[in-house]
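Colleague: just coords:
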C-alpha cells in the first residue's frame, strides 16, 4: 500500500504504508467490560443479551445502504465510531459486497481510530460479515463486477464461470476462502467473530436441487471450519432472506435442523455454526408467528423457537423495513411513544433474538435509532401484551 505525502515545498513523495491488524476477537471479559462502561452512560444492563458467554448489545449496526463514494465511506466510518462510542452498540454487521467492499473498509478505519484513541479494545466488539455474493473492489471503480470476477477468480482458475449462480452467488470453497482473507484485510482484523454464507439457498434454489445444495453447504461449512482451526474465524452462520420464513411445502423452504446436522457432520458437536440472520419486522413477522420448523420430535415450531432448541443465536435485518414502516400507525406500548423505538423494541424483545441490525450513516440517524438503548427490552409478559396489542391493530 502506498501513501501520498505533500511536502512543505509542494512536491510529492510516496511512502510504503504499514498495514496494521487488530489482534483478538470478542471475548466474555471484553464484552462485559463494554457493558459495564455503558452503564456509566445511562444504558441499563438488560440492554445486553448473553450468548456463549458474550455480552452483546440488543441493537446492532448494519452497513448495507449507501453508495461507493468517499462521502458515504466517511459517513459509515463515523457512524460506526459514534455507535460503538455511545455504549449502545458493540455488534457491527456488514458483508464483503456491501458498497463493493467499502463498508468493510470503513469499519476497519473506525476500529483503528477507536483503538488508537483508547476508546475500546478489540475484544469488546463483535464483528460479523458475509460472503458468497460476487463483488468488485470499490477502490477500483473502473473495474466492474464481472470484469473483476474474471480477472481475480475465473482466469486464475479459482472458480469456473458456472460456479456463479443465476442469483450471482458463489459457494465454491476457494472463493469463500479468498473472501474471508479479503474481509480480514479490509477490516484490519486478525479474527472475524462471525462469517455468514450470504443468501445462499435463495440464490441457488432455482439452479440446483435441495440435495445438491446441502452438499454445497457442507463444503462451505468445511471452509469455515478450516478458518476456525486457523483462528481467523470464531463462528459462522447463514444470513438469509426467505428460506427460514417460507412454508414447508414452498420451494424456498429450508429446515434449520437439517443445516445444523450438516455442520455436525463436518465439524462435530463443537462445530461453529451458531448463528442465523433473517428479516423480521412488523411487516415480515413470520419469524415470530409462522410455525414452519421441526426439531427432533417437536413439530410446528417457529424459526425463533427452533433456533432456541438448537442453541443458536439470531440476528435480524431490516427492523425499520428500510424506512417504509416509519409512517405506520403503531400504538404506544411499554411507555414508548416514538415510532423508531417502538419498532425496534418489539423486535429486540422477541424470544431468541439477540439484536436487530439497524442501518445508519448520518449523526442524527445514529442518535435517533439508539434512543431505545436507554430502555430495557420488554419482559416476557410485557412482550406478550405488546404483541397482542399490535396484532389487533392494522399496521
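Modeller: Structure received. In this text, all values refer to a predicted model and were calculated from it rather than measured experimentally. Residues are numbered from 1 along each chain as shown.
Colleague: could you pull out the helices in the chain for me?
Modeller: Taking DSSP state H as the criterion, the chain carries its helices at 28-39, 70-85, 102-116, 145-149, 173-186, 200-204, 210-229, 256-267, 286-289, 303-309, 339-348, 363-369, 380-391.
Colleague: reformat those helices as TSV; add mean neighbour count, mean pLDDT and distance to residue 279.
Modeller: Where C-beta positions appear, they are placed from N, C-alpha and C, glycine not excepted. What follows is the helices of the chain, written out as TSV (neighbours: other Cβ atoms under 10 Å; pLDDT from 0 to 100; distance: least, Cβ to Cβ, whole Å):
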stretch	mean neighbour count	mean pLDDT	distance to residue 279
helix 28-39	18	97	26
helix 70-85	20	96	21
helix 102-116	22	97	19
helix 145-149	16	96	24
helix 173-186	20	98	23
helix 200-204	23	98	11
helix 210-229	18	98	20
helix 256-267	18	98	15
helix 286-289	19	96	8
helix 303-309	22	98	11
helix 339-348	23	95	10
helix 363-369	16	89	17
helix 380-391	14	91	17
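Colleague: tell me which of the ones you listed sits nearest to residue 158.
Modeller: Residue 158 lies closest, by Cβ to Cβ, to one member of the helices of the chain: helix 173-186, at 4.5 Å.
Colleague: got the contact list for the closest one?
Modeller: Helix 173-186 is contacted by residues 19, 21, 96, 101, 104-105, 107-108, 129, 131-132, 152-153, 158-159, 163, 170, 189-192, 195, 197, 219-220, 222-224, 226-227, 232-233 when judged by Cβ atoms under 8 Å, 6 or more residues apart in numbering.
Colleague: tell me how far stretch 354-368 lies from the chain's centre.
Modeller: Remark: stretch 354-368 is offset 14 Å from the chain centroid, using Cα atoms, centre = their mean, to the nearest Å.
Colleague: no wait, stretch 75-82
Modeller: The answer for stretch 75-82 is 16 Å, by Cα atoms, centre = their mean.
Colleague: who's in contact with that stretch?
Modeller: Against stretch 75-82 from outside (Cβ under 8 Å, 6+ apart): 61, 63, 66, 92, 99, 102-103, 106-107, 109-111, 113-114, 360-363, 365-366.
Colleague: list the residues that contact residue 153.
Modeller: Here residue 153 is in contact with 159, 170, 174, 175, 178 (criterion: Cβ under 8 Å, 6+ apart).
Colleague: which one of the residues you listed sits closest to residue 333?
Modeller: For the contacts of residue 153, the minimum distance to residue 333 (Cβ to Cβ) is 43.7 Å, reached by residue 170.
Colleague: so that closest one makes contact with residue 134?
Modeller: Yes - between residue 170 and residue 134 there is a contact at 6.2 Å, judged by Cβ atoms under 8 Å.
Colleague: between these two, which contacts overlap?
Modeller: Counting by Cβ under 8 Å, 6+ apart, the shared contacts of residue 170 and residue 134 are residue 164.
Colleague: those two: which is more packed in?
Modeller: In this view residue 170 and residue 134 are compared by other Cβ atoms under 10 Å, and residue 170 has more residues nearby, 27 against 21.
Colleague: what's across from that one in the sheet?
Modeller: For residue 170, the beta-bridge partners under DSSP bridges are residue 164.
Colleague: ditto for residue 238
Modeller: residue 197, residue 276.
Colleague: tell me the pLDDT at it?
Modeller: According to the prediction, residue 238 has pLDDT 98.
Colleague: what sits against the closest residue to residue 224 other than its chain neighbours?
Modeller: Counting by Cβ to Cβ, 6 or more residues apart in numbering, residue 236 is the residue found nearest to residue 224 once chain neighbours are left out, at 3.8 Å. Contacts for residue 236 (Cβ under 8 Å, 6+ apart) come out as 194, 195, 196, 197, 221, 224, 225, 228, 272, 273, 274, 275.
Colleague: 6 Å instead?
Modeller: By Cβ atoms under 6 Å, 6 or more residues apart in numbering, residue 236 lies in contact with 195, 224, 272, 273.
Colleague: quick one, what contacts the third one?
Modeller: Meaning residue 272. 228, 235, 236.
Colleague: quick check, nearest of the contacts of residue 236 to residue 313?
Modeller: For the contacts of residue 236, the residue nearest residue 313 by Cβ to Cβ is residue 273; the value is 10.8 Å.
Colleague: isn't that closest one up against residue 263?
Modeller: Yes - between residue 273 and residue 263 there is a contact under Cβ atoms under 6 Å: 3.5 Å.
Colleague: thinking again about what came up before, just the contacts of residue 153 now: which is nearest residue 349?
Modeller: Of those, the one sitting nearest to residue 349 (Cβ to Cβ) turns out to be residue 170, at 36.7 Å.
Colleague: measure the closest one to residue 207 for me?
Modeller: As for residue 170, its distance to residue 207 is 12 Å (criterion: Cβ to Cβ, to the nearest Å).
Colleague: and if you look at residue 104?
Modeller: 27 Å.
Colleague: quick check, central residue of the protein?
Modeller: residue 93 (3.5 Å; Cα atoms, centre = their mean).
Colleague: need the contact list for that one.
Modeller: 60, 62, 128, 357.
Colleague: which one of these is nearest to residue 380?
Modeller: residue 60 (22.1 Å).
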